[in-house]
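Engineer: Turn this into a structure:
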Amino acid sequence: MAAFAPKTILFCTFLLLLRTLPQSRAALDTHYYDKTCPQAEKIIFQTVYNASMHDPKVPARILRMFFHDCFIRGCDASLLLDSTPGNQAEKDGPPNISVRSFYVIDEAKAKLEAACPHIVSCADIIGIAARDVVTMSRGPYWTVLKGRKDGRVSRANETINLPAPTFNVSQLIQSFAKRGLGVKELVALSGGHTLGFSHCSSFEARLRNFSPVHDVDPTMDSEFALKLRKQCPKPNRDHSAGELLDSTSSIFDNDYYKQLIGGKGVFGSDQALFRDFRTKWIVESFAKDQSLFFKEFAASMVKLGNVGVIENGEVRVNCRVPDLVAPGAYMSYILAAWSPVAKASVNKEDARTVKYFTGNRSSSYCEGQAPTLVAIKSALMAAGIDFN
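Structural biologist: Residues are numbered from 1 along each chain as shown. Got it, this is the predicted structure:
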């Protein structure tokens, strides 16, 4: 490991102490970054757009990432934190194993740190990116409220609180209600399934031995069920097998609701929306009127984005690592927190976890006076202290 000079240690210790100061409150505002990082949304959009051109799966993955983040501890980017030897993080919980494209957020964060260090939170990046992937998929546009702070806690066992694809409507209503979301928001946000794909494991229970009376879920269209049985045989040796969640899965539209009316909902929880009187009429309304669906989806995304907003969080420098490190944590995590983004994070690979190493690369972020002073100034400003 590289040796640290006394002056280097002093600078790094000073910066660490600054980051323990109380953080500003997260009052959401559409103009939150207008003065501190006016190019933020442009940087995020360009990053997401380029990634989507390279990989058409990115839009559905980013939208799902936003849902799964907000439904656990609120919209605090806790889903982005990597697991550590002492803690299994949300991203490694069973429902999130298939969540991908974290590298897109990493890349956006790296560009933002270069443009305006320690200003834009990872939570806001996810929220803006989710809006952008919907819009670029021909869906609605809405103004994202900004100013969220990033959380420091991420636990895999809390992912049990995510709505399951086997839920009935009563369970779905209860789950959404805990986040302050009503029945209309439930049906509108479920429409996010118009983008994306599901592996067989999430719906195969509907295809065989469904109940003592029915081999196949009777709410599923018989021809559609036959198609899915062929795509998901028993035993299934193709772990990538599955089904698109609607027939126009790369376009954000109201086809998802038309599929439900036709008995072609992939998840049991989706098809249940058309079978229950509390939600059926909303499904029918959205199937008939796409503009109504777009309006309600946009409004519901704004409301979801307000769930669990942290008042005293932080703005992470690296979305995979909390800036405030608990006593006794590995030095490699502390060092990694100084870097704009871990080197491996911006690779065009879908690595779920990035390993950090001590040595010349990591220590250089503390040894160089210029980047250290910039980081100190950013920390002072974030804490409400006038640097000049």
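
Engineer: Secondary structure element holding residue 295?
Structural biologist: Following DSSP states H and E, one finds residue 295 within helix 290-304.

Engineer: Pull out the buried positions in that helix.
Structural biologist: 290, 293-294, 296-298, 300-304 (16 or more other CB atoms under 10 Å). All C-beta spots, glycine's among them, are computed from the backbone N, C-alpha and C.

Engineer: Quick one: those as a markdown table, columns for pLDDT and distance to residue 90 too.
Structural biologist: Output for the buried residues of helix 290-304, formatted as a markdown table (pLDDT from 0 to 100; distance: CB to CB, whole Å):
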| residue | pLDDT | distance to residue 90 |
| --- | --- | --- |
| 290 | 98 | 33 |
| 293 | 98 | 29 |
| 294 | 98 | 30 |
| 296 | 98 | 28 |
| 297 | 98 | 24 |
| 298 | 98 | 26 |
| 300 | 98 | 22 |
| 301 | 98 | 20 |
| 302 | 97 | 23 |
| 303 | 96 | 22 |
| 304 | 97 | 17 |
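
Engineer: Out of these, flag the one nearest to residue 89.
Structural biologist: Distance to residue 89, by CB to CB, is smallest for residue 304 among these, at 21.4 Å.

Engineer: For residue 229, see how far away the nearest residue to that closest one once chain neighbours are set aside is.
Structural biologist: In space, residue 304 comes closest to residue 70 once its chain neighbours are excluded; the distance is 5.4 Å by CB to CB, 6 or more residues apart in numbering. Distance check for residue 70 against residue 229: by CB to CB, to the nearest Å, it reads 34 Å.

Engineer: ok, those two, which is more surrounded?
Structural biologist: Between residue 70 and residue 229, counted using other CB atoms under 10 Å, residue 70 has the larger neighbour count: 28 against 17.

Engineer: roughly how far is the helix or strand hosting that one from the heart of the chain?
Structural biologist: Secondary structure from DSSP H and E places residue 70 in helix 58-73. Between the centre of helix 58-73 and the centre of its host chain there is 3 Å, according to CA atoms, centre = their mean, to the nearest Å.

Engineer: Ok, stretch 37-50 next?
Structural biologist: 17 Å.

Engineer: go on, stretch 34-41?
Structural biologist: Mean-position distance between stretch 34-41 and its chain equals 21 Å (CA atoms, centre = their mean).

Engineer: Would you map the helices across the stretch 151-300 of the chain?
Structural biologist: Counting by DSSP state H, counting those that start in this stretch, one finds helices in the stretch 151-300 of the chain at the ranges 169-177, 183-190, 222-231, 255-261, 268-275, 277-288, 290-304.

Engineer: Export these as JSON lines, with columns for distance to residue 74.
Structural biologist: Shown next, in JSON lines, are these (distance: least, CB to CB, whole Å):
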{"stretch": "helix 169-177", "distance to residue 74": "14"}
{"stretch": "helix 183-190", "distance to residue 74": "15"}
{"stretch": "helix 222-231", "distance to residue 74": "35"}
{"stretch": "helix 255-261", "distance to residue 74": "26"}
{"stretch": "helix 268-275", "distance to residue 74": "22"}
{"stretch": "helix 277-288", "distance to residue 74": "25"}
{"stretch": "helix 290-304", "distance to residue 74": "10"}
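
Engineer: Residue 286 is in contact with residue 189, isn't it?
Structural biologist: No: assessed by CB atoms under 8 Å, residue 286 is found out of contact with residue 189, at 11.5 Å.

Engineer: quick one, which of the two is more surrounded?
Structural biologist: Using other CB under 10 Å as the criterion, residue 286 and residue 189 rank with residue 286 on top: 26 against 21.

Engineer: Does residue 117 belong to a helix, a strand or coil?
Structural biologist: Counting by DSSP: H, G, I helix; E, B strand; the rest coil, the backbone at residue 117 sits in coil.

Engineer: returning to what we had before: now the helix holding residue 70 - C-alpha only, PDB.
Structural biologist: Taking C-alpha atoms only, helix 58-73 is exported to PDB below (Å, rounded to 0.1, in the frame of the first residue of the first chain):
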ATOM      1  CA  VAL A  58     -31.600   0.000 -20.700                       C
ATOM      2  CA  PRO A  59     -34.900   1.900 -20.600                       C
ATOM      3  CA  ALA A  60     -36.900  -0.900 -19.000                       C
ATOM      4  CA  ARG A  61     -34.100  -1.600 -16.600                       C
ATOM      5  CA  ILE A  62     -33.700   2.000 -15.400                       C
ATOM      6  CA  LEU A  63     -37.500   2.400 -15.000                       C
ATOM      7  CA  ARG A  64     -37.600  -0.800 -12.900                       C
ATOM      8  CA  MET A  65     -34.600   0.500 -10.900                       C
ATOM      9  CA  PHE A  66     -36.500   3.600  -9.900                       C
ATOM     10  CA  PHE A  67     -39.500   1.600  -8.700                       C
ATOM     11  CA  HIS A  68     -37.500  -0.900  -6.800                       C
ATOM     12  CA  ASP A  69     -35.400   1.900  -5.100                       C
ATOM     13  CA  CYS A  70     -38.400   4.000  -4.000                       C
ATOM     14  CA  PHE A  71     -40.400   1.000  -2.700                       C
ATOM     15  CA  ILE A  72     -37.900   0.000   0.000                       C
ATOM     16  CA  ARG A  73     -36.600   3.000   1.900                       C
END
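
Engineer: buried stuff in that helix?
Structural biologist: For helix 58-73, burial by neighbour count (16+ other CB under 10 Å) applies to 58-73.

Engineer: just the angle between that helix and helix 169-177, please?
Structural biologist: Put simply, helix 58-73 runs at 80 degrees to helix 169-177, going by axes from the mean of the first three to the mean of the last three CA atoms, to 10 degrees.

Engineer: Give me the helices and strands touching helix 58-73, please.
Structural biologist: helix 40-54, helix 102-115, helix 122-136, helix 290-304 (3 or more CB pairs under 8 Å, 6 or more residues apart in numbering; DSSP states H and E).

Engineer: Please repeat the previous calculation with a cut-off of 7 Å.
Structural biologist: helix 40-54, helix 122-136 (3 or more CB pairs under 7 Å, 6 or more residues apart in numbering; DSSP states H and E).
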